[in-house]
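**Student:** One predicted model, sequence on top.
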Amino acid sequence: MATDAGNDARLKALEERMAAYNLHGQWATTSQRPQRVHKTNKGVSIEPAPAGVGHVWEWGKMLPFLEESLVALTESFTARRTLILTNPGLPRGTTQTLLASIQIIGPGEIAWAHRHTISAFRFTIQGGPDVSTVVDGVPLVMEPYDLVLTPGWSWHDHHNRSEKPAIWLDGLDVPLMIGLNQIFYEEYGEAAQDVRGEADTSASMLRPVWLPADAAPRAHRYPWVDTLARLKALAAGPVDPREGIVLDYVNPVTGGSTLRTLNCRVHWLPPGFEGKRHRRTSSSMVFVIDGEGVVTVEDKDLSWGKHDSIAVPNWSWTRWVNRSRSEPALLFSMTDMPMLRAFGLHREEIV
Ligand code: 1HN
């Protein structure tokens, strides 16, 4: 902005008097946002800079912490014994909108019933027929790699009736809810809910008439046997050049994204797969079900292996490679695409 010296003094005096009245000229604001400013021949052009960095949490390093937390925090009661994957480039959260954590509960333990406006899911790592989450009275079994939804404001308590610790990945929209200042939280008042429904997943397709048609997505379980069978059936077919064979976990009630704010996907990278470089305005967190490879995030090559967790920030150039020449790699991911799509903000570039 061009001003002469005389006007400068006048403008400065005006700004000071305005500031005393809680007013600030837009011309004088400096951005606190992570952003990249480009000067083109037409003028200034701004794009977001990725918030946080690409990062891998290795399973082999995480497991000892988890096991020690089981001894150090003998009972979790109303809290959760869950280790939050905090992005080294952010004050909180795994990405700017998503939070992932790894939770462990001991044999015979209950993580007490509560509900919150935060939407969440559990992706089982170590589970079985005697591990479950009760969601709004409906018990959902957690076999390895089953996905279980705990939609915003649904009551949920976790149970381990097996002989060994149960472990799963929690995925939640915590940073977004904090940013919007929309956190409501309530304890049930008892450790566990009464079981009201059948474990049958079709229960989530039967909606009580007193709930509005667009009621929040209900309790639901996606058994891994079904997911794997679907992946295998499609494995010989066409492959997405960025991420191999990709399946969305569709919400059975809305037909839309897995939860209102976040989406879950499963990916099959064929042996030797070398994905195309791409970037999206959404951010994601990826959990390695099986396999090994490299993901390049911006200018960093990050190696990953079985059960590692990976943060991929928004608008960062990303490239997936399956290092094995003989085995596919299987990835589970969550993204904040539904939040962005709701406001028409989802963009993507591929090279
Ligand atoms: C939470 O309520 C659970 O219900 C898990 O199991 C992880 C991380 C942050 C905030 C609340 C749960 C969580 C959480």
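**Tutor:** That came through, no problem.
**Student:** pretty sure Leu330 contacts Phe273?
**Tutor:** No. Look at Leu330 against Phe273 with C-beta atoms under 8 Å: they stay out of range, at 11.7 Å. Where you see a C-beta, it was placed from the backbone N, CA and C, and this is true even at glycine.
**Student:** Name the residues contacting each of these two.
**Tutor:** Residues touching both Leu330 and Phe273 (C-beta atoms under 8 Å, 6 or more residues apart in numbering): none.
**Student:** so what's the residue of the stretch 101-250 of the chain found nearest the ligand up against?
**Tutor:** The stretch 101-250 of the chain approaches the ligand most closely through Asp170 (3.9 Å), counting by C-beta to the nearest ligand atom. Shown in contact with Asp170 (C-beta under 8 Å, 6+ apart): Arg80, Thr82, Leu99, Ala100, Ser101, Ile102, Gln103, Ala120, Phe121, Arg122.
**Student:** ditto for Glu109
**Tutor:** Shown in contact with Glu109 (C-beta under 8 Å, 6+ apart): Glu75, Ser76, His159, Asn160.
**Student:** Not counting residues beside it along the chain, what's closest to the residue of the stretch 101-250 of the chain closest to the ligand?
**Tutor:** Distances taken as C-beta to C-beta, 6 or more residues apart in numbering place Ser101 nearest to Asp170, at 4.6 Å, with adjacent residues excluded.
**Student:** Let me know whether Thr82 touches Ala100 as I believe.
**Tutor:** No. Thr82 sits out of contact with Ala100 when judged by C-beta under 8 Å, with a separation of 9.6 Å.
**Student:** remind me which residues of the stretch 101-250 of the chain are low pLDDT?
**Tutor:** 197-205, 213-217 (pLDDT under 70).
**Student:** Do a quick rundown of the strands in it.
**Tutor:** For the stretch 101-250 of the chain, applying DSSP state E, counting those that start in this stretch gives strands covering 110-116, 120-126, 128-135, 138-142, 147-150, 156-160, 166-172, 185-187, 220-222, 245-248.
**Student:** do you know how far Thr281 is from Met339?
**Tutor:** Using C-beta to C-beta, to the nearest Å, Thr281 is found at 10 Å from Met339.
**Student:** Is Tyr222 bridged to anything, and to what?
**Tutor:** Leu147 (DSSP bridges).
**Student:** Write out the residues of the stretch 101-250 of the chain neighbouring the ligand.
**Tutor:** Ser101, Gln103, Ala111, His156, Asp170, Leu172, Val174 (C-beta under 6 Å from any ligand atom).
**Student:** if you set the cut-off to 5 Å instead, what comes out?
**Tutor:** Residues of the stretch 101-250 of the chain that fall close to the ligand, judged by C-beta under 5 Å from any ligand atom: Ser101, Asp170.
**Student:** and the residue nearest to Asp170, what does it touch?
**Tutor:** Arg80, Thr82, Leu83, Ile84, Leu85, Leu169, Asp170, Leu172.
**Student:** Just give me the neighbour total for the second one.
**Tutor:** As a burial measure, the neighbour count of Thr82 was computed by other C-beta atoms under 10 Å and equals 22.
**Student:** Report the contact partners of it.
**Tutor:** Shown here is Thr82, whose contacts under the criterion C-beta under 8 Å, 6+ apart are Ser101, Ile102, Gln103, Ile104, Asp170.
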